[in-house]
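1. fold the following and give me the result.
(2 chains, ligands or ions: 2)
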Amino acid sequence: MDIKHSTFKGGIHPSYQKELTKNKVLRPVSPPETVVIPMSLHIGAPCNPMVKKGDLVKVGQRIGEPNGFVSVPIHASVSGEVISVEPRLHPNGQKVMSVVIKNDMQETISEEVKAKGDIDSLSPQEIKDIIFNAGIVGLGGATFPTHVKLSPPPDKKIDFVVLNGAECEPYLTTDDHLMNEYPEKVVHGLQAMLKVLGINKGFIGIEDNKPEAIEAISKAITDNDQIEIYSLHTKYPQGSEKQLITAVTGREVPSGALPMDAGVVVSNVGTAAAISDAIKTGMPLVERIVTVTGSAVKDPQVLTAKIGTMVRDLIEECGGFSEQPEKVINGGPMMGIAQFSIDIPVIKATSGILCLNKKDAYVKEPSLCIRCGKCVEVCPVNLMPLYISEHSLKGDYDKCKSLHAMDCVECGSCSYICPAKRTLVSSIRVAKREIVANSRKGK
Amino acid sequence: MNEQFLTVSSSPHIRASHSTGSIMRDVLIALTPAFIAGVVFFGINAAILTIVCVLASVATEALIQKFLLKREVTINDWSAVVTGVLLAFNLPVSAPLWMAVIGSVFAIAIVKQCFGGIGQNFINPALAARAFLLASWPTRMTSAAFAVDAATTATPLALIKGGGEAAGGALPSYMDLFMGNVGGCIGEVSAIALLIGGIYLIMRNVISWRIPVIYIGTVAIFTLVFGQDPIYHVLAGGLLLGAFFMATDYASSPVTPKAQIIYALGCGILTGVIRLWGGYPEGVSYSILIMNVAAPLIERFTMPKIYGEVKDNA
Ligand code: SF4
Ligand code: SF4
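-> Ligands and ions are numbered 1, 2, ... in the order given. The predicted structure follows:
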């Protein structure tokens, strides 16, 4: 198999810290006593709960009714009794209506779950329905419903599907383990996506710090002339959607546009594996792989967790905290969201739980910009973060807009590299929000 | 374990290990070989002058921040130390100490703090102070600085300009130029010491290669085209010091690659023009100062093309 090499302009080389979990064996978490399944597991309108207190549910049973086009159903991840339907803390920091299920430990599988046949005998629409019904969303963190991504408007011609196996976030080895363990699922899921879109060219991009995953996927595509593998230079944010598209296809997504405008659909390798499961076994998306890692965790692990498992249980599964945690982050250190509580459930977007000790979480107070230009050098979009940030702090959002603030992908590379420790991406985020608010007001 | 006190802040949650202070310390490390060369060739006075400049710069910064601006004193970012050293390096060893003090106060108080402190000064403080001293006390600033062997009383560039031996001194050999056995300002005499420092800065990623390489290359090509000895022009005088340590000053040079290239080209051409046809034998400091002023303009006219930029039809 010939492996192509590629990369993008800009970017940073943070300390990857993947050794913490790289050689750990992927294993399931011990069955949780209870799970808390929020009705908001995807971007878009939350689901309406279809069960009430006292109902008995089975694994894979639909418990949340989708709401609108950009929405997918939600399923029970364990069998047992619904003990309450009430607002609970969500990793987004708010209380969200959630279904709390007491696990009966029987793992009784719902009758709704059955094998759907193989790709060749299914029609594109049937596959798309399977994907929708299985509640599949982008597992890279964006949780955008996959069936929507696979339904481009008729005037947009799609040429390629690019699977993102870059996993450029430091610390996380979630996708790495998935690709090592289940390469055939990744490939199968990608084939299903190609069939839905009626095209025959798919790429899988993997950073070259994962030679085993590259090897495993290469093996899985030996007899496949539709799929090519790209070994990507290890550099953050290699897995950022637009940077990945350029590295693999050579195309640029026009400013302000979507990947489909460049003729590309990008999806995560985990999403592809979930599609494969949904077709082969009929099991909807009720579990995912989570890397639990960081300096404050006793024994970092990569775990398969039922959606709704409490983060507290995950950390306990790893031997608990080894020292006082300073920060617990849902996701990776570059783009993840810091949590104020560990009593939150694993959701479809939980690629990792990163617990940092005081030393690792320490960030110096910001000082004045010294105009070193490093933020400019690393920005993958070629922005001038120092100026956007400066004008944002002054409240001159029109100027931010003319400096292309809206094109910022919020990768955080600029803040990471800044020797003056300026919080560049935070102030750019503020500018973006204000620009959007102003354009809504019709200004 | 108590998880009640988790810190919540926005991403990214990890940062590069360098800081303003560590970068400035790197610059000082890079300047050390040239400092040693200066002391070797000019004697202990070179060290005394440098120390006085550093002390005066740091004291000025601290006093202004504490009493005038009443804000946090940031001398621990080492930037005032760098300014002091660079100013000293641009003085002849014969410069009196009071001039060193006045130069330092001017560099920090007028050029740096008046414009808002670190990162805000649009021209290089050390060079501006040098220009100020040169305008105020021209004879003291240019009066011959002696190399140890006192073989020559004029700087090598003054010698070329005056027509070599006819001007009263033998041109030093390439080897002397390379090692530093010549007249000149404290920090500019030893090409090898400056090169070691410059390469260190590039390797440590403190500066990019663009400004020094293009600046030096432009001067070499320019002087070659006009029939002069390019090796001489590169090694003699303040070009290496200027190209590696002065033109690359963060605050007064452009931040984008394209603008840096144009800026460095400009520095090189101006240096060549001044050296060949101007009134001074040396042209580095004025060229850099002029390009400092032009830098924001160059930046504005060479805005980088962003990822996926579409031509504006409006
Ligand atoms: S990296 Fe920080 S200090 Fe350097 S130019 Fe950007 S904002 Fe300024
Ligand atoms: S400006 Fe935006 S896109 Fe550029 S480095 Fe910063 S966060 Fe990333």
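2. can we go C-alpha only for contacts and neighbour counts from here?
-> OK.
3. could you point out the longest helix of the chain?
-> Unless you meant another one, I'm taking chain A. Among the elements of type helix in chain A, defined by DSSP state H, the one spanning the most residues is helix A:424-440.
4. chain B, not that one
-> Assignment by DSSP H; longest helix in chain B turns out to be helix B:20-42.
5. and the residue nearest the centre of chain B?
-> Chain B has B:Met246 as the residue nearest its centroid, 2.0 Å off, counting by C-alpha atoms, centre = their mean.
6. hang on, isn't it packed against B:Pro125?
-> No. Counting by C-alpha atoms under 8 Å, B:Met246 sits too far from B:Pro125 to count as a contact (9.4 Å).
7. circling back: state the mean pLDDT of the longest helix of chain A.
-> Over the span of helix A:424-440, the pLDDT mean works out to 93.
8. do that helix and chain B come into contact?
-> Yes. In this structure, helix A:424-440 sits against chain B according to C-alpha under 8 Å from any C-alpha of the partner chain; the contacting residues are A:Ser426.
9. that helix - contacts with which helices or strands?
-> Here helix A:424-440 is seen to pack against helix A:385-394, helix A:397-402, helix A:413-417 when contacts are counted using 3 or more C-alpha pairs under 8 Å, 6 or more residues apart in numbering or on different chains; DSSP states H and E.
10. what sits against the residue in the stretch 201-350 of chain A positioned nearest to ligand 2?
-> Evaluated by C-alpha to the nearest ligand atom, the stretch 201-350 of chain A has A:Pro237 as its residue closest to ligand 2, separated by 8.2 Å. When contacts are counted by C-alpha atoms under 8 Å, 6 or more residues apart in numbering or on different chains, A:Pro237 is found next to A:11-12, A:168-169, A:243, A:380, A:411, A:413.
11. pairing partners for the helix or strand bottoming out on mean pLDDT in chain A, with directions?
-> Among the helical and strand segments of chain A, the one scoring lowest on mean pLDDT, DSSP states H and E is strand A:4-6, with a mean of 80. Here strand A:4-6 has these sheet partners by DSSP bridges: strand A:227-232 (parallel).
12. ok, and for the strand it pairs with, which residues are buried?
-> Along strand A:227-232, the positions that meet the burial threshold by neighbour count (16 or more other C-alpha atoms under 10 Å in any protein chain shown) are A:227-232.
13. any regions of the chain where pLDDT drops low?
-> All of this refers to chain A. Applying pLDDT under 70 to chain A picks out residues A:1-2, A:442-443.
14. correction: the question concerned chain B.
-> B:1-4, B:142-156, B:158-171, B:181, B:310-314.
15. in a strand, A:Phe203, correct?
-> Yes. Following the definition DSSP: H, G, I helix; E, B strand; the rest coil, A:Phe203 is counted among the residues of a strand.
16. run the chain-centre distance for stretch A:405-414.
-> Offset of stretch A:405-414 from its chain centre (C-alpha atoms, centre = their mean, to the nearest Å): 17 Å.
17. before we move on, what about stretch A:40-59?
-> A distance of 21 Å separates the C-alpha centroid of stretch A:40-59 from that of its chain, computed with C-alpha atoms, centre = their mean.
18. how about A:Pro46, what does it touch?
-> Taking C-alpha under 8 Å, 6+ apart, we find A:Pro46 in contact with A:39-40, A:66-67, A:71.
19. buried only: go through those for me.
-> Neighbour-count burial (16+ other C-alpha under 10 Å) applied to the contacts of A:Pro46 gives A:39-40, A:66, A:71.
20. which one of these is nearest A:Ala361?
-> A:Ala361 lies nearest to A:Ser40 out of the buried ones among the contacts of A:Pro46, by C-alpha to C-alpha, at 29.0 Å.
21. pick out the residue of the stretch 151-300 of chain B closest to ligand 1.
-> Checked against ligand 1 (C-alpha to the nearest ligand atom), the nearest residue in the stretch 151-300 of chain B is B:Val255, 7.1 Å away.
22. can you tell me the helix or strand for that residue?
-> Secondary-structure assignment from DSSP states H and E places B:Val255 in no helical or strand segment.
23. and A:Val302, by the same measure?
-> With the criterion set as DSSP H and E, the secondary-structure element containing A:Val302 is strand A:301-306.
24. who's in contact with that strand?
-> By C-alpha under 8 Å, 6+ apart, the surrounding residues in contact with strand A:301-306 are A:21, A:24-29, A:35, A:77-78, A:173-174, A:177, A:286-293, A:318, A:346.
25. likewise stretch A:201-211?
-> Applying C-alpha under 8 Å, 6+ apart, the contact partners of stretch A:201-211 are A:159-168, A:176, A:190-191, A:194, A:213-214, A:226-235, A:238, A:244, A:248.
26. before we move on, back to that, so which of the buried residues of strand A:227-232 comes closest to ligand 1?
-> Within the buried residues of strand A:227-232, the smallest distance to ligand 1 is 25.6 Å, found for A:Leu232 (C-alpha to the nearest ligand atom).
27. which residue is the nearest non-sequential neighbour of that closest one?
-> In space, and not counting its chain neighbours, A:Leu232 is closest to A:Glu207: 4.4 Å by C-alpha to C-alpha, 6 or more residues apart in numbering or on different chains.
28. any idea how many residues pack against that neighbour?
-> Residues near A:Glu207, counting by other C-alpha atoms under 10 Å in any protein chain shown, number 26.
29. ok, now the one 4 residues further on?
-> Other residues lying near A:Pro211 total 14 when counted by other C-alpha under 10 Å.
30. and it, how far from A:Leu41?
-> Distance of A:Pro211 to A:Leu41, computed by C-alpha to C-alpha, to the nearest Å: 32 Å.
31. how about A:Pro237?
-> The value you get for A:Pro237 to A:Leu41, if C-alpha to C-alpha is used, is 24 Å.
32. mind listing what B:Leu235 touches?
-> Residues near B:Leu235 by C-alpha under 8 Å, 6+ apart: B:174, B:177-178, B:191.
33. are any of those buried, and which?
-> In terms of neighbour count (16+ other C-alpha under 10 Å), the buried residues within the contacts of B:Leu235 are B:177-178, B:191.
34. in helices, which of those residues appear?
-> B:177-178, B:191.
35. quick check, nearest of the residues you listed to ligand 2?
-> Within these, the smallest distance to ligand 2 is 37.3 Å, found for B:Ala191 (C-alpha to the nearest ligand atom).
36. quick check: closest non-adjacent residue to that closest one.
-> In space, B:Ala191 is closest to B:Phe178, 4.8 Å off (C-alpha to C-alpha, 6+ apart).
37. OK, contacts around that neighbour?
-> For B:Phe178, the contacting residues are B:190-192, B:235, taking C-alpha under 8 Å, 6+ apart as the criterion.
38. likewise for A:Pro32?
-> With contact taken as C-alpha under 8 Å, 6+ apart, A:Pro32 is in contact with A:103, A:309, A:313.
39. as CSV, the residues you listed with neighbour count, distance to B:Leu91 and secondary structure would be great.
-> As requested, the contacts of A:Pro32 are arranged in CSV below (neighbours: other C-alpha atoms under 10 Å in any protein chain shown; distance: C-alpha to C-alpha, whole Å; DSSP: H, G, I helix; E, B strand; the rest coil):
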residue, neighbour count, distance to B:Leu91, secondary structure
A:Asn103, 21, 80, strand
A:Thr309, 25, 69, coil
A:Asp313, 21, 67, helix
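40. need those in JSON lines with distance to chain B, can you?
-> Converted to JSON lines, the contacts of A:Pro32 look like this (distance: C-alpha to the nearest C-alpha, whole Å):
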{"residue": "A:Asn103", "distance to chain B": "26"}
{"residue": "A:Thr309", "distance to chain B": "18"}
{"residue": "A:Asp313", "distance to chain B": "14"}
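41. save those as JSON lines, and put in distance to B:Tyr286 too.
-> As requested, the contacts of A:Pro32 are arranged in JSON lines below (distance: C-alpha to C-alpha, whole Å):
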{"residue": "A:Asn103", "distance to B:Tyr286": "78"}
{"residue": "A:Thr309", "distance to B:Tyr286": "67"}
{"residue": "A:Asp313", "distance to B:Tyr286": "67"}
